[in-house]
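Participant: sequence below, structure please.
(one chain, ligands or ions: 2)
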Amino acid sequence: MQLVTQDNITDVVTEALGRNGPISDRQREILSGLIRHFHDFCREVKLQHDEFLYACDFLARAGQTCDGKRQEFILLADILGIEVLVDMLTNPADGGETESTVLGPFYRENPPVLPKGASTILKHYDNEETVYFEGRVLDTNGAPIEGATIDIWEDAPNGLYENHDHDQPDYNLRGRFETDADGHYAFVAVRPVPYPIPDDVTAGELLRAMGHHPNRPGHIHFIVSKPGYGTLVSQVFDADSDWLDNDSVFAVKESLVAKFAPTNEHETDLHCSFDFKLREGGLDEKDLLESIGSIEAA
Ligand code: BEZ
Ligand code: FE
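Facilitator: Ligands and ions are numbered 1, 2, ... in the order given. Take a look at the predicted model:
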């Protein structure tokens, strides 16, 4: 009989891995790491039973919050900086490609396919500032990539994404564009405004427990893809936005910050230019979205 103690419980549990059926090396690596770190965490903070029960109830309530529109566990992972860390481990951007950052919960697959330079704006707001957003998609040697697909999505000037706001038309401020022979793309959008991530349920409870806030700096989301190149999931941040140094989900990277400058051209208020670099090889868009388990938010 094996007697468990505070000191041997981690080894006892780890040794049970695979005892009743084969597991892969990766399963063993992940589960033994998980067990070791969780046990050390409990020992370090001397976790008490009432705190353990609170955590179980918290996770149960987080699960009950999830539906086709809301993935509370990704939000919780974002608030703890876990999604951005996993993204950096998955996409180290060490080959000259554009840095990636978190997908977030508001992506919708199959946005409207629009011609180069078209507007994604389907509803106007008094406080909106329009922007002509353009740039090129290049490989890591700087050669243009023709026929790359660019999905974009952003919040409206009221701080809400279209799929979380009944007052916006379907697919407002979303679009899919394609690069020309020069790798060039362009679209018209609005200056993205800062917004709070959903903080009404367990995400808000965690933020309050951390003494943190829910706000994100203004940003436009991008997925840039072309078969044969790694799909890039990223965001471009407004250099003049509030919360740039204090993002609730820690997703800002310096290389992704761009100036939205006043312009007299393009019949827009602002102009912004941003080039994307894709790395050769890697997951294509379909594989990537499957691996992300993206939510088709209704
Ligand atoms: C977003 O940028 O849309 C987002 C990212 C992480 C959590 C919530 C929202
Ligand atoms: Fe966002």
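Participant: all contacts plus neighbour counts: C-alpha atoms, from now on.
Facilitator: Fine.
Participant: how close does Leu270 get to Tyr132?
Facilitator: Distance of Leu270 to Tyr132, computed by C-alpha to C-alpha, to the nearest Å: 6 Å.
Participant: out of the two, which sits in the busier spot?
Facilitator: Using other C-alpha atoms under 10 Å, the more surrounded residue of Leu270 and Tyr132 is Tyr132, with 25 against 22.
Participant: check which helices and strands the host helix or strand of the more buried one sits against.
Facilitator: In this assignment (DSSP states H and E), Tyr132 forms part of strand 130-139. Strand 130-139 sits against strand 184-190, strand 270-273, strand 276-278, with contacts defined as 3 or more C-alpha pairs under 8 Å, 6 or more residues apart in numbering; DSSP states H and E.
Participant: adjacent strands (with direction) for the last one?
Facilitator: I take that to be strand 276-278. When pairing is defined by DSSP bridges, strand 276-278 lines up against strand 130-139 (parallel).
Participant: now the strand it pairs with against strand 184-190, angle please.
Facilitator: Computed by axes from the mean of the first three to the mean of the last three C-alpha atoms, to 10 degrees, the angle separating strand 130-139 from strand 184-190 equals 150 degrees.
Participant: report the mean per-residue pLDDT for strand 130-139.
Facilitator: For strand 130-139, mean pLDDT is 98.
Participant: on the C-terminal side of that strand, identify the next helix or strand.
Facilitator: Following the chain from strand 130-139 toward its C-terminal end, the next helix or strand by DSSP H and E is strand 149-153.
Participant: just the buried residues of that next one, please?
Facilitator: Thr149, Ile150, Asp151, Ile152, Trp153 (16 or more other C-alpha atoms under 10 Å).
Participant: what angle separates it from strand 184-190?
Facilitator: 10 degrees.
Participant: helices or strands up against strand 149-153?
Facilitator: Using 3+ C-alpha pairs under 8 Å, 6+ apart, strand 149-153 sits against strand 174-178, strand 219-225.
Participant: what angle do strand 184-190 and the first one make with each other?
Facilitator: It stands for strand 174-178. Using the same axes, to 10 degrees: strand 174-178 against strand 184-190 is 160 degrees.
Participant: start the count at 53, not 1, going forward
Facilitator: Sure, I'll start counting at 53 from here, so that last one is strand 226-230.
Participant: contact partners of strand 226-230?
Facilitator: 162-168, 172, 198-206, 237-239 (C-alpha atoms under 8 Å, 6 or more residues apart in numbering).
Participant: alpha carbons only: can I get that strand in CSV?
Facilitator: Written as CSV, here are the backbone C-alpha positions of strand 226-230 (Å, rounded to 0.1, in the frame of the first residue of the first chain):
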residue,chain,number,x,y,z
ARG,A,226,-16.0,43.2,-41.2
GLY,A,227,-14.6,42.2,-44.5
ARG,A,228,-12.3,40.0,-46.5
PHE,A,229,-9.9,41.6,-49.0
GLU,A,230,-7.3,40.3,-51.4
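Participant: pLDDT on it, on average?
Facilitator: For strand 226-230, mean pLDDT is 98.
Participant: is any residue of it near ligand 1?
Facilitator: No: judged by C-alpha under 6 Å from any ligand atom, strand 226-230 and ligand 1 are separated, with a smallest distance of 12.7 Å.
Participant: so what's the gap between that strand and the chain middle?
Facilitator: Mean-position distance between strand 226-230 and its chain equals 18 Å (C-alpha atoms, centre = their mean, to the nearest Å).
Participant: could you check the pLDDT of the residue lying closest to Gly333 once chain neighbours are set aside?
Facilitator: The spatially closest residue to Gly333, leaving aside those adjacent along the chain, is Tyr281, at 4.5 Å (C-alpha to C-alpha, 6 or more residues apart in numbering). Reading off the confidence values, Tyr281 has pLDDT 97.
Participant: and Tyr281, how many neighbours?
Facilitator: That count, for Tyr281 with other C-alpha under 10 Å as the rule, works out to 20.
Participant: and if you look at Gln58?
Facilitator: Residues near Gln58, counting by other C-alpha under 10 Å, number 8.
Participant: what score does it have for pLDDT?
Facilitator: Listed pLDDT for Gln58 reads 93.
Participant: circling back: any chance of CSV for the helices and strands packed on strand 182-191, columns mean pLDDT and distance to ligand 1?
Facilitator: Shown next, in CSV, are the helices and strands packed on strand 182-191 (pLDDT from 0 to 100; distance: least, C-alpha to the nearest ligand atom, whole Å):
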stretch, mean pLDDT, distance to ligand 1
strand 236-242, 98, 16
strand 322-325, 98, 19
strand 328-330, 98, 18
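Participant: before we move on, the earlier item: turn the buried residues of strand 201-205 into CSV, columns for pLDDT and distance to ligand 1.
Facilitator: Below are the buried residues of strand 201-205 laid out as CSV (pLDDT from 0 to 100; distance: C-alpha to the nearest ligand atom, whole Å):
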residue, pLDDT, distance to ligand 1
Thr201, 98, 20
Ile202, 98, 17
Asp203, 98, 14
Ile204, 98, 11
Trp205, 98, 9
